[in-house]
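Student: Predicted coordinates and the sequence they were generated for:
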Amino acid sequence: VAHAPWRSERAEAVLRGAPATEEEFIRAAEEELAEARPLPRNAYKVPLARNLIVRTLQELVS
């Protein structure tokens, strides 16, 4: 959730060699967002991003 796209290297590391399951997608999303520091009025974006990452990965493998 930024002004430009970036590579999700932490999520990639979690997913590399792992089964394509919802649990792994959640783990990858949480790892990628672990250092997110939202501002007071946009803290809702962190769980929103997590859910979007998980849903997108699920759609990609279905």
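Tutor: Noted; the coordinates are in hand. Numbers count the residues shown, from 1 in each chain.

Student: Tell me, how many residues neighbour Phe25?
Tutor: Neighbour count of Phe25, defined by other Cβ atoms under 10 Å: 23. The C-beta positions use only the backbone N, C-alpha and C, and glycine is treated the same way.

Student: again with Ala49
Tutor: Ala49: 16 neighbours (other Cβ under 10 Å).

Student: on contacts alone, who are the packing partners of the helix or strand where it lies?
Tutor: Secondary structure from DSSP states H and E places Ala49 in helix 45-61. The contact analysis (3 or more Cβ pairs under 8 Å, 6 or more residues apart in numbering; DSSP states H and E) places helix 45-61 against helix 22-32.

Student: Please identify the buried residues of the helix it packs on?
Tutor: Neighbour-count burial for helix 22-32 flags Glu24, Phe25, Ile26, Arg27, Ala28, Ala29, Glu30, Glu31, Glu32 (criterion: 16 or more other Cβ atoms under 10 Å).

Student: out of the residues you listed, who's nearest Trp6?
Tutor: Glu32 (10.1 Å; Cβ to Cβ).

Student: Just to check, the closest one is in contact with Ile53?
Tutor: Yes. Between Glu32 and Ile53 there is a contact at 6.9 Å, judged by Cβ atoms under 8 Å.
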